[in-house]
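K.L.:
Generate coordinates for the sequence data below:
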Amino acid sequence: MRLSIISFTENGKRLSEHIADLLQKKIEILLFTKCEACRKNSAVSPVLFVEKSLGDWAKEQMQEKNTLLFIGACGIAVRAIAPSLTDKLHDVPVLVMDERGRYVIPILSGHVGGANEWAGYLAGETGAEPVITTATDINKKFAVDLFAKRNNLFIENKDGIVKVSSKVLAGETITISIEPGHGADGTGKCCLPSGIRLAPYPPEVPVDVVVTSKEDKFDASLVLRPREYVIGLGCKKGKAAEEIKAFITRKMEELGITAAQVYAVASISLKSGEQGIVSWCDKEGIPFLTYTAKELQEVKGNFTGSSFVREKTGVDNVCERAALKACGDKGTLLTPKYAENGMTIAVAKREWKVCVDEK
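P.N.:
Take a look at the predicted model:
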């Protein structure tokens, strides 16, 4: 994920450049400014002057799924992003830092998007103080949306987050029912923090949270489902993003799965910068994992080999091997390699586990 930083004063611009220097080898950073005094140097500076309105700039960055850091007043950031907000499950992380670099404040998508984690990271790198305002964090309470993110679960009904969090903050016990065989130890049991009680599955009485891949109906405030599919991809260099998007979409529709159920897209490391794949993954918020030819060749199984692919990449098959590699220790290939117009795809299903312990 990229971090886009925008400043509004000369001090803010200097701070953005300092942050970029600190983090340049760790993450991709884009620098922007609306400082009129800095415009004259924009031709030779890595900091780009933003000609368009701040709202249009923010919309563009959010559509590209970049994390935003405003160096300036919170009000500026709020007004800029307001027209482009969707919901807490899809909004990008947005943070604000004062131009002296004393405080860093996550103002949008603290848990699911990771703005709170970004704040902690930026604070650790710059010496700023993170200002966290989410109630579960400051009270050191269980956060169900953060639990979902850490366990690679997607939230089926986002309105349930408030119901569960309200009970947590009121000091009430939360009941969680987990599909058998998917606890962290393989038995369905989990190490539970205070205030959380594991309920039988399927629940016979109303519960707060159900974690399952099954499509049954449950009397629960919140239903969490695993991201259990991995898409293995291969393609000719420079394939258009729209063509790759259509290719992936057709295969998902054929299998009856959605992007929310996808754990990762996987390929060979030669494709790590393939913009068509990267752009689709960024837009959907799905990790893009790549492996060396040696790592892929070591994956066990019967694969659809190709001497041409081996000659070009060093491994006889990319999409099938990559899909299984990303599944970890246990995965099942659901669909073998399918090729079309210079693209290949295979889909695997991983074995998912959850644990409630947040330590």
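
K.L.:
Does the worst-scoring helix or strand of the chain on mean pLDDT pack against any helices or strands, and if so which?
P.N.:
Lowest by mean pLDDT, DSSP states H and E among the helices and strands of the chain is helix 307-313, with a mean of 88. Helix 307-313 sits against no helix or strand, with contacts defined as 3 or more CB pairs under 8 Å, 6 or more residues apart in numbering; DSSP states H and E. Any C-beta I mention is one placed from the backbone N, CA and C, and that applies to glycine too.

K.L.:
now the helices: where do they sit in the chain?
P.N.:
10-23, 54-63, 74-81, 115-126, 135-138, 144-150, 159-169, 241-255, 275-284, 293-297, 307-313, 319-326 (DSSP state H).

K.L.:
before we move on, the earlier item: hey, C-alpha coordinates of the least confident helix or strand of the chain in CSV?
P.N.:
Only the C-alpha atoms of helix 307-313 are listed here, as CSV (Å, rounded to 0.1, in the frame of the first residue of the first chain):
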residue,chain,number,x,y,z
SER,A,307,8.1,-26.1,-21.1
PHE,A,308,7.5,-22.6,-22.6
VAL,A,309,6.6,-21.2,-19.1
ARG,A,310,9.7,-23.0,-17.6
GLU,A,311,11.9,-21.3,-20.2
LYS,A,312,10.5,-17.9,-19.5
THR,A,313,10.2,-18.0,-15.7
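
K.L.:
follow-up on the earlier one: right, so of the helices of the chain, which gets closest to G232?
P.N.:
helix 319-326 (3.0 Å; CB to CB).

K.L.:
And the closest one, what does it pack against?
P.N.:
Secondary elements touching helix 319-326 (3+ CB pairs under 8 Å, 6+ apart): strand 229-235, strand 262-268, strand 288-291, helix 293-297, strand 331-340, strand 343-350.

K.L.:
for those, which one ends up most surrounded?
P.N.:
strand 229-235 (a mean of 27; mean count of other CB atoms under 10 Å).

K.L.:
chain center to that strand: distance?
P.N.:
Relative to its parent chain, strand 229-235 has a centroid offset of 17 Å by CA atoms, centre = their mean, to the nearest Å.

K.L.:
go on, stretch 287-294?
P.N.:
Mean-position distance between stretch 287-294 and its chain equals 17 Å (CA atoms, centre = their mean).

K.L.:
Isn't R2 up against I27?
P.N.:
Yes: using CB atoms under 8 Å, R2 is in contact with I27, at 7.3 Å.

K.L.:
Would you tell me which one of the helices of the chain is buried the most?
P.N.:
Per stretch, and counting mean count of other CB under 10 Å, the top mean among those goes to helix 319-326, which has a mean of 28.

K.L.:
Contacts for that helix, please.
P.N.:
Residues lying outside helix 319-326 but in contact with it, judged by CB atoms under 8 Å, 6 or more residues apart in numbering, are 230-234, 263-264, 266-268, 289-291, 295-297, 299, 301, 303-304, 315, 331, 333, 336-337, 344-348, 350.

K.L.:
likewise stretch 81-97?
P.N.:
15, 55, 58-59, 61-63, 65-74, 77, 103-115, 118-119, 122, 128, 145, 155, 158, 161, 285.

K.L.:
tally of neighbours for C38?
P.N.:
19 (other CB atoms under 10 Å).

K.L.:
Can you name the residues that contact the nearest residue to it once chain neighbours are set aside?
P.N.:
Using CB to CB, 6 or more residues apart in numbering and skipping residues adjacent in sequence, the residue nearest C38 is K13, 5.2 Å away. Residues counted as contacts of K13 (CB under 8 Å, 6+ apart) are 7, 33, 35, 38, 47.

K.L.:
just those now: which is nearest A199?
P.N.:
Nearest member of the contacts of K13 to A199, counting by CB to CB, is S7, at 50.0 Å.

K.L.:
pLDDT score assigned to that closest one?
P.N.:
Here, the pLDDT recorded for S7 equals 97.

K.L.:
From L48, how far off is it?
P.N.:
The gap separating S7 from L48 is 11 Å, by CB to CB, to the nearest Å.

K.L.:
and the two? which has more neighbours close in?
P.N.:
Neighbour totals were compared for S7 and L48, and S7 leads with 26 against 13 (other CB under 10 Å).

K.L.:
so what's the closest residue to I27 other than its chain neighbours bridging to?
P.N.:
Distances taken as CB to CB, 6+ apart place L3 nearest to I27, at 5.8 Å, with adjacent residues excluded. Bridge pairing for L3 (DSSP bridges) gives the partners I29, T67.

K.L.:
Of the helices of the chain, which is nearest V211?
P.N.:
Taking the helices of the chain one by one with CB to CB, helix 144-150 is closest: 8.6 Å.

K.L.:
residues in contact with the closest one?
P.N.:
Contacts for helix 144-150 (CB under 8 Å, 6+ apart): 88, 111-112, 114, 136, 153-155, 161, 164-165, 168, 174, 209, 222, 224, 356, 358.
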